[in-house]
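Undergrad: the sequence and its predicted three-dimensional model are supplied below.
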Amino acid sequence: MKIIDGGIVFAGRKNTQRQSCAFPGICRTHTGRWICSFRAAGSKAATVGQHVLLSWSDDDGRTWSSPSEPFRAPAAEDGKVGILRTGHLTTVPDGSLIAVLSWIDHSNPSLPFFNEETEGLLDTRIALASSTDNGLQWSPPRLMTPRPFMVPSPTTGPLVCLDNGDLICQGELNKPYFDTQPWHHQSVLVFSRDGGETWDETCVVSDDPRRRVFYWDQRLGYLGANNLLDVFWTFDRVEGQYLNMHARESFDGGHHWSETWDTGVSGQPATPVLLGDGRIALVYVDRTTDPCINVRTSNDRGRSWPDETEITIFQAARRESNSDSQSMREAWDEMYGFALGLPSTAKVPNGDLLVVFYEGSTGDETNIRWARLKA
């Protein structure tokens, strides 16, 4: 693969609530518009003032619109006031768009998102909104109830639309904010067969009963014909170390999964993408030395990702490699300092690969960038 174009979607604005821009997503609409979603705030760790923005390009990335803020967090049925943390868009077969949003409890704005004492999260729920006019106007977000997963459940990427129109929502299970019991992390899927009106089926994709290995940030890639490849950012909490990315695959639309395997590559993944020649592309953040955004390809359904296929999409200007050994609290503190990360991917009709990611001088001063790669 080779980089053929790229630039900045949005440059963070110092001393504003749009100084720290992160957690981007990229979606191509039925008209060819590229829409980039991202979270903006005054700092990486901020809960107060964070919001989800959209910027779009109708000329293949040469120019981008001024960001809009179309989503307002709904109140929960129990009366809790919320705020939106992340958003990702998906184009569905009728040409409309569905946004999946992470809603977090904002009843007490003084509380940080992560409780360092208990390892719990603020109440985190999933909200959905839709657009029928290419992303200009959106329905009011509505909260979904992914029973039986009634614990903080951040989303980990966009909805996946299968060939038959069924939708898959991906997320991970955390634990309530003040819960002192050990954290039992799981990556989960919730399914809808009616365009997102109801979500009645569920599946647990990753679950270490020892509560030792956390398969964080699942990235669910659709390869066609009900074949899915799920890749995880993997952390061993006993050793306090990140492991290589791990993966699983499904051939029935996400209801049953293979055994988990080690990809042999260290990093934090984006959604894997099937290329036109049958290879699979995996974009990821590598922080083993100087942080960079890389891409590799696989010819064997993700079992191996040869070194010689790797190219660097972006090299950070500052060093921020992962610590050799750290507690869960230290791992979360370290995440707040990352100034390069969380790439998101999409494919355009000619087979080129779009990538968006955040980068900057510090974790609190970051921009949203894009790159286009030729397969």
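TA: Looks like it came in fine. Numbering: from 1, shown residues only.
Undergrad: spit out the contact partners of residue 366.
TA: By Cβ atoms under 8 Å, 6 or more residues apart in numbering, the residues touching residue 366 are 12, 20, 21, 22, 44, 339, 358, 359, 360. All C-beta atoms are positioned from the backbone trio N, CA, C, and that covers glycine.
Undergrad: contact partners for residue 132?
TA: Contacts of residue 132 (Cβ under 8 Å, 6+ apart): 95, 96, 97.
Undergrad: just give me the neighbour total for residue 256.
TA: Using other Cβ atoms under 10 Å, residue 256 has 9 other residues around it.
Undergrad: which element is it on?
TA: For residue 256, there is no host helix or strand (DSSP states H and E).
Undergrad: surely it and residue 250 touch.
TA: Yes. Judged on Cβ atoms under 8 Å, residue 256 makes contact with residue 250 at a distance of 6.1 Å.
Undergrad: and stretch 66-75, what's its mean pLDDT?
TA: For stretch 66-75, mean pLDDT is 96.
Undergrad: and if you look at stretch 30-37?
TA: Mean predicted lDDT for stretch 30-37 stands at 97.
Undergrad: next one: stretch 18-27
TA: Rounded mean pLDDT across stretch 18-27 is 97.
Undergrad: residue 281 and residue 317, how far apart?
TA: The gap separating residue 281 from residue 317 is 25 Å, by Cβ to Cβ, to the nearest Å.
Undergrad: my bad, residue 81
TA: Residue 81 is 39 Å from residue 317, by Cβ to Cβ.
Undergrad: likewise residue 208?
TA: For residue 208, the distance to residue 317 - Cβ to Cβ - is 36 Å.
Undergrad: between those two, tell me which one has more neighbours.
TA: residue 208 (16 against 11).
Undergrad: show the pLDDT at the more buried one.
TA: pLDDT at residue 208 comes out at 93.
Undergrad: so it sits against residue 232, correct?
TA: No. In this structure residue 208 lies outside contact range of residue 232 using Cβ under 8 Å: 11.1 Å.
Undergrad: any shared contact partners between these two?
TA: residue 215.
Undergrad: CA atoms of whichever strand or helix holds residue 88 as CSV?
TA: Under the criterion of DSSP H and E, residue 88 resides in strand 82-91. Taking C-alpha atoms only, strand 82-91 is exported to CSV below (Å, rounded to 0.1, in the frame of the first residue of the first chain):
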residue,chain,number,x,y,z
GLY,A,82,-26.1,13.1,30.1
ILE,A,83,-23.3,14.3,27.9
LEU,A,84,-22.0,12.8,24.7
ARG,A,85,-18.5,11.5,24.5
THR,A,86,-18.0,9.8,21.1
GLY,A,87,-20.0,9.2,17.9
HIS,A,88,-19.5,7.0,14.8
LEU,A,89,-21.6,6.9,11.6
THR,A,90,-22.8,4.1,9.3
THR,A,91,-24.5,4.2,5.9
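Undergrad: picking that back up, now list the buried members of the contacts of residue 132.
TA: Among these, those scoring as buried are 96, 97 (criterion: 16 or more other Cβ atoms under 10 Å).
Undergrad: just the contacts of residue 132: which are in strands?
TA: residue 97 (DSSP state E).
Undergrad: how close does residue 273 get to residue 71?
TA: In terms of Cβ to Cβ, residue 273 sits 26 Å off from residue 71.
Undergrad: what does residue 205 give?
TA: From residue 205 to residue 71 the distance is 27 Å (Cβ to Cβ).
Undergrad: quick one: contacts for the residue lying closest to residue 291 once chain neighbours are set aside?
TA: Spatial nearest neighbour of residue 291, excluding adjacent residues (Cβ to Cβ, 6 or more residues apart in numbering): residue 316 at 4.3 Å. Counting by Cβ under 8 Å, 6+ apart, residue 316 touches 290, 291, 292, 339, 340, 359.
Undergrad: ok, residue 12 next?
TA: Contacts of residue 12 (Cβ under 8 Å, 6+ apart): 18, 19, 20, 21, 40, 360, 365, 366, 367.
Undergrad: how does it look with 10 Å?
TA: 18-22, 40-41, 358-361, 364-368 (Cβ atoms under 10 Å, 6 or more residues apart in numbering).
Undergrad: please identify which of the residues you listed is nearest to residue 33.
TA: Of all the contacts of residue 12, residue 33 sits closest to residue 368, with 16.5 Å by Cβ to Cβ.
Undergrad: is it true that the closest one touches residue 61?
TA: No. Between residue 368 and residue 61 there is no contact under Cβ atoms under 10 Å: 11.9 Å.
Undergrad: shaky segments in the stretch 101-250 of the chain?
TA: Where the stretch 101-250 of the chain drops to pLDDT under 70, the residues are 146-148.
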